[in-house]
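S.K.: turn this into a structure:
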Amino acid sequence: MKNDVITRGEFAEILSQVALLESQKEVAFEDVNPGHIYAKAISAVYQYNIMLGDGNGKFNPDKNVTELDAAISILRLLGYEDYAYYNGGYPSGYVAAASSHDLLKGVASDGNLTYSHI
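M.R.: The predicted structure follows:
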């Protein structure tokens with residue numbers, strides 16, 4: 001399990017539990033039905049603008065979350081989105097913000113997040 005990759009759905013669940021986020025309403029993504037195991041967590045992280053969909057109506061809950069995307073989500077959770085935006089936006093501003101807070105220490109931006117990272 002240590003080297004198993006984390007999916008976007010699993011990461012949404014982790015973030016929603018750590019931050020004690022609760023979904024106020026259902027968010028409709030084509031690929032996330034209300035009975036999906038991570039539906040409430042996905043709705044919560046989306047409503048709080050921590051994790052976003054793909055712009056085409058999908059969340060892709062079974063897709064692996066990359067280390068960079070995980071760092072971006074954590075920055076949003078911690079309130080550093082404006083800092084990242086003013087330092088160049090996506091991806092350079094987020095990389096700068098994540099690096100300045102040691103979120104990317106020992107992490108390759110092209111890799112998938114695994115349980116050994118958390």
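S.K.: what's the burial count for the closest residue in space to Gly9 that isn't next to it in sequence?
M.R.: Closest residue to Gly9 apart from its sequence neighbours, by CB to CB, 6 or more residues apart in numbering: Pro61 at 3.2 Å. Any C-beta I mention is one placed from the backbone N, CA and C, and that applies to glycine too. Pro61 has 22 neighbours, counted by other CB atoms under 10 Å.
S.K.: averaged pLDDT, the helix or strand harbouring Lys40. What do you get?
M.R.: Using DSSP states H and E, Lys40 maps to helix 39-47. Throughout helix 39-47, pLDDT has a mean value of 95.
S.K.: so which elements touch that helix?
M.R.: helix 8-18 (3 or more CB pairs under 8 Å, 6 or more residues apart in numbering; DSSP states H and E).
S.K.: by mean pLDDT, point me to the weakest helix or strand of this protein.
M.R.: Ranked by mean pLDDT, DSSP states H and E, the weakest helix or strand in the chain is helix 92-100, scoring a mean of 88.
S.K.: list the buried residues in it.
M.R.: 93-98 (16 or more other CB atoms under 10 Å).
S.K.: if we can go back for a sec, the residue nearest to Gly9 contacts Ile6, doesn't it?
M.R.: No. The pair Pro61 and Ile6 does not pass the contact test of CB atoms under 8 Å, sitting 11.3 Å apart.
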